[in-house]
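Undergrad: Kindly generate the corresponding structure for this input.
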Amino acid sequence: MTAFLIKSAIAMAVLLVLYYLLLGREKMHRFNRFYLLGAVIFSFVLPFINIPVYVEAPVQSFQDATEVSEIVMAQQTTPGIAHGVVIKPATNYIPYIVWSIYGIVTLLLAIRFAINISHFIRKLANNEKIPYKNATLVLLNENTLPHTFLNYIFINGDDYRANAIENDLYTHELTHVKQWHTLDILFIEMLKTVLWFNPLLYMYKKAIQLNHEFLADEKVVSTSETANYQLLLLQKTSCGMPIHLASNLNFSITKKRFIMMTKTTPNSKAATLKAVLAPVIVGILFILCTKTIAQSTGSLAALEKDPDIIALFKDTEFTFKYPGDMVIKKTYTELTEEEKTEVYTFMPTGPMQRNNPTQKQLDKWENAKNFVIQLDMNYVPNEKIEKLKPKDIAMYYDYNQNFKDLDTVQVFTESFFTANFLNKEYTTDYSTCKGLGLTYDEEDLKRKKDVKTTLETVDVTKQPEFPGGLDGLYSFINKNFVIPEDVKSDLKIYVRFYIEEDGTVTEPYVMRVTDGNNTAMEMKRVLLKSPKWEPAEKDGKKVRVYYTLPVKINVNK
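TA: Residues are numbered from 1 along each chain as shown. Now for the predicted structure:
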């Protein structure tokens, strides 16, 4: 909402300034009428226009978790030890107050608008009406100057019967009727009723109404003496107050209005001024509507432009297996964006081409303390790399090269690469999941080999619960988390872990952390110390689930 108001206000202000500097001074009233109306409409449509500008960005392999709670920690005297309390934000009543004020004012203005409309309805119902050319004269008993609403011209009945109303006044009001100026006023008034806090709308209304008078004056002086008409207007200046929502004869009797009656604007100059508008509008669109989109060079969207990738997916059939033995098969063109992302997540990241590691890289990956090996989509002990030679590996991707907290190496043997990618057959199995944890002991490595059914927490009938609830969980983290010495600023940590059928926390995986090389390992250490949870249940049966947790840590150095 804020972005909408800011963008529309900027556009309205720029276009109105342009009107006053260039267009409003020239005799091109018909164009100016549609320019002013178009400027208002354009300004309110503009915030909904998005012009994407794609830029190349690093491959992303995780998404930010939604923050549902936060823990605030303050560093005390003892270096590296975190203490603090869980802070729950107090209810903010300011939005309720602001919206209440807005609602009350809008309601009052809407009532006023309805009263003004009913004012004309009552006049039409209670006074004599006479057809006159393309309009209808409404004869009033009150002393008033001619004014127009829709195709009705309201005049004093006695003046009409005495033929005391000058022909120039009839011509003036008929112009308002024929050109439907009342619709412009009603349009801007309705906008003012809803967006009454926008001062630019009041300025636009004044400019629109003045331009209406320019149009009516132009019609009169084309059939009458200009000096006589100007004298007539001066005589009528003090003969009554302007009527709200109506086109009024004595609206803004100014020097500028008299000058405009005798002014001429060459066609060439008018065409030049109109041409100036094009680059201004393009500039407004470019500044306010362009949205930079970081397009991953390794994403399927980018790779699809590669002829090799197009050939790879041309005849591919994707099989999706869901719990309950449900199987869905689709071609690549039938995949949703989410399914494409899911497919990409399990495929080699980066360009689809063979790349062999060096022997030095293989030796480095054997270190179980620094790397977790995923060989042909399965987690394996690091020593298994010893049996492989560089030529045995068709493709690898070292996540640690791009993301310092992702210590997984994804390796594909020649046989797996050929069978799964070159033979164009690929399966994403949702019913069985081996886990994505990054722990290094033998117990975890063995567990990763076991096939286990894993559900998201949204799929269960009973949610898992930490002893003491969510507050208890954050209190536990608060008491046990030790702030690493290399942390220099506040932290945001997004961690995912599994809650087994017996309530044990396993395989904590830090998806993202904003500072500190040791923060991810510290968060894993704390979560592995967690007491047993009350496990999740699915239809009365305890089930394994994964749980995503956002943590915010305030570090006071």
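Undergrad: what comes up buried for the helix or strand containing residue 108?
TA: Element membership for residue 108, per DSSP states H and E: helix 94-126. Within helix 94-126, the residues scored as buried using 16 or more other CB atoms under 10 Å are 109, 113, 116, 120, 123. Bear in mind the C-beta positions are built from the backbone N, C-alpha and C, glycine included.
Undergrad: Make TSV out of these and add pLDDT.
TA: Formatted as TSV, the buried residues of helix 94-126 follow (pLDDT from 0 to 100):
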residue	pLDDT
109	94
113	93
116	91
120	92
123	91
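Undergrad: Surely residue 416 and residue 388 touch.
TA: No: Residue 416 is not in contact with residue 388 according to CB atoms under 8 Å; the separation is 12.0 Å.
Undergrad: list the contacts for residue 495?
TA: 508-511, 523-524, 527, 548-549, 551 (CB atoms under 8 Å, 6 or more residues apart in numbering).
Undergrad: Lowest-confidence entry in the residues you listed?
TA: In terms of pLDDT, residue 511 ranks lowest among the contacts of residue 495, with 70.
Undergrad: Please tell me I have it right and that one contacts residue 494.
TA: Yes: contact status for residue 511 versus residue 494: in contact at 4.6 Å, counting by CB under 8 Å.
Undergrad: ok, the buried residues of helix 94-126 vs residue 286, which is closest?
TA: Of all the buried residues of helix 94-126, residue 286 sits closest to residue 109, with 35.2 Å by CB to CB.
Undergrad: and the gap between the closest one and residue 192?
TA: Distance, residue 109 to residue 192, using CB to CB, to the nearest Å: 7 Å.
Undergrad: do residue 522 as well
TA: When CB to CB is applied, the distance between residue 522 and residue 192 equals 57 Å.
Undergrad: which stretches of the stretch 151-300 of the chain form strands?
TA: All strands of the stretch 151-300 of the chain, identified by DSSP state E, counting those that start in this stretch, fall at 152-156, 247-248, 290-296.
Undergrad: Which of the ones you listed has the lowest mean pLDDT?
TA: Note on the strands of the stretch 151-300 of the chain: lowest mean pLDDT is at strand 290-296, with a mean of 56.
Undergrad: what about residue 542, helix or strand, and which?
TA: Here residue 542, judged by DSSP H and E, is contained in strand 541-543.
Undergrad: who does that strand pair up with?
TA: Note on strand 541-543: by DSSP bridges, its sheet partners are strand 536-538 (antiparallel).
Undergrad: Any buried residues in the partner strand, and which?
TA: Applying a neighbour-count criterion of 16+ other CB under 10 Å, one finds 536-538 buried in strand 536-538.
Undergrad: nearest to residue 105, of those residues?
TA: Of all the buried residues of strand 536-538, residue 536 has the smallest distance to residue 105: 49.4 Å, by CB to CB.
Undergrad: Relative to residue 460, how far out is that closest one?
TA: Distance from residue 536 to residue 460, counting by CB to CB: 4 Å.
Undergrad: any shared contact partners between these two?
TA: Shared contacts of residue 536 and residue 460, defined by CB under 8 Å, 6+ apart, comprise 543, 545.
Undergrad: which residues in the stretch 201-350 of the chain form helices?
TA: For the stretch 201-350 of the chain, the helices defined by DSSP state H, counting those that start in this stretch cover 226-236, 255-262, 267-289, 300-303, 307-313, 337-345.
Undergrad: Out of the buried residues of strand 536-538, which one has the lowest pLDDT?
TA: At the low end of pLDDT for the buried residues of strand 536-538 is residue 538, which has 85.
Undergrad: Next one: that one from residue 507, what distance?
TA: 20 Å.
Undergrad: What of residue 28?
TA: Computed with CB to CB, the distance linking residue 28 and residue 507 is 72 Å.
Undergrad: One more: residue 1?
TA: 41 Å.
Undergrad: got it, and residue 549?
TA: 13 Å.
Undergrad: same check, this time on residue 543
TA: The gap separating residue 543 from residue 507 is 16 Å, by CB to CB.
Undergrad: follow-up on the earlier one: which of the contacts of residue 495 fall in helices?
TA: 523-524, 527 (DSSP state H).
Undergrad: Turn those residues into a markdown table, including distance to residue 236.
TA: Formatted as a markdown table, the ones in helices among the contacts of residue 495 follow (distance: CB to CB, whole Å):
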| residue | distance to residue 236 |
| --- | --- |
| 523 | 81 |
| 524 | 85 |
| 527 | 84 |
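Undergrad: Out of these, which comes closest to residue 134?
TA: Of the ones in helices among the contacts of residue 495, the one sitting nearest to residue 134 (CB to CB) turns out to be residue 523, at 78.1 Å.
Undergrad: between residue 1 and residue 507, who's got more neighbours?
TA: residue 507 (22 against 6; other CB atoms under 10 Å).
Undergrad: which stretches of the stretch 1-150 of the chain form strands?
TA: With DSSP E, counting those that start in this stretch as the criterion, the stretch 1-150 of the chain has strands at 51-57, 72-75, 82-85, 128-132, 135-140, 147-149.
Undergrad: ditto for the stretch 351-500 of the chain
TA: Secondary structure of the stretch 351-500 of the chain (DSSP E, counting those that start in this stretch): strands located at 372-375, 378-380, 393-398, 408-413, 425-429, 455-456, 491-499.
Undergrad: By mean pLDDT, show me the worst of the ones you listed.
TA: Across the strands of the stretch 351-500 of the chain, strand 425-429 gives the lowest mean pLDDT, at a mean of 40.
Undergrad: Spatially, what comes nearest to residue 181 if we skip its sequence neighbours?
TA: Nearest residue to residue 181, sequence neighbours excluded (CB to CB, 6 or more residues apart in numbering): residue 212, at 4.5 Å.
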